[in-house]
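**Student:** Could you work out the structure for the sequence below:
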Amino acid sequence: MRTRNDKKKVSILKAAGKVFPKKGFHKTLMDDVAREAKIGKGTIYRYFSHKEDLFFSILENAMDEMYGRMIDARRKRNSPENKVEKMIEAMADFVIENRTLMNLVHEIESREIMKRVKKVKAHNHKVIKVLADELENGARVGKFKQGDYTLWAGMMAMASRGAFHSHPEISKSKTIKNITDVFFYGIAKN
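**Tutor:** As a prediction, this is how the structure comes out:
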């Protein structure tokens, strides 16, 4: 059960998730977030030490949600291909829902970004590991060939993020199909 403090923190994150994309990183003030959350500015500082902390907390929460969806996809009784497809869909949703925030990262001073690099890298390793584990599982049951599952998972994750970030005009389902087709069947003519 969520405590009142947890609900308040979630409310702040949701409000900030609306304000940052509208105003940009530099023009967003904690006052703007407080107004959107309908709380006092001081309440924000109980949970977040500064604006960068709040901003990266939004992205980290979204990454955690994406990872949870990937784990859920692995638990379902589906084929390895379907599980991988659902995991790519989770990555797609993350990029689509957070594209504007991800574009704002370049506005933040590099020393603030460097403070968060370890967390982001740790998260990426978790995502790649769960995807690699499913690729290995698929190989065990004869659906995929043996190989460097971690490398393949990293390539899949990068392809997914890149495709959804740089080509928003292409439908999610079409992009997922293209990514899985390339990885499952290749691009060479037989």
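
**Student:** ok, the residue nearest to residue 100 when sequence neighbours are not counted to residue 153 distance?
**Tutor:** Sequence neighbours aside, residue 21 is the residue nearest to residue 100 in space, at 3.8 Å (criterion: Cβ to Cβ, 6 or more residues apart in numbering). C-beta: built from backbone N, CA, C; applies to glycine. The gap separating residue 21 from residue 153 is 29 Å, by Cβ to Cβ, to the nearest Å.

**Student:** Pull out the buried residues from stretch 124-137.
**Tutor:** 124, 126, 127, 128, 130, 131, 132, 134, 135, 136, 137 (16 or more other Cβ atoms under 10 Å).

**Student:** and those residues, which two are the farthest apart?
**Tutor:** 124 and 137 (20.4 Å; Cβ to Cβ).

**Student:** tell me the pLDDT at residue 3?
**Tutor:** Residue 3 carries a pLDDT value of 60.

**Student:** Revised request: answer the last question for residue 118.
**Tutor:** 80.

**Student:** likewise residue 112?
**Tutor:** For residue 112, pLDDT reads 69.

**Student:** Check residue 177 too.
**Tutor:** 93.

**Student:** wait, what's in contact with it?
**Tutor:** Going by Cβ atoms under 8 Å, 6 or more residues apart in numbering, residue 177 touches no other residue.

**Student:** Name the helix or strand for it, please.
**Tutor:** helix 172-185 (DSSP states H and E).
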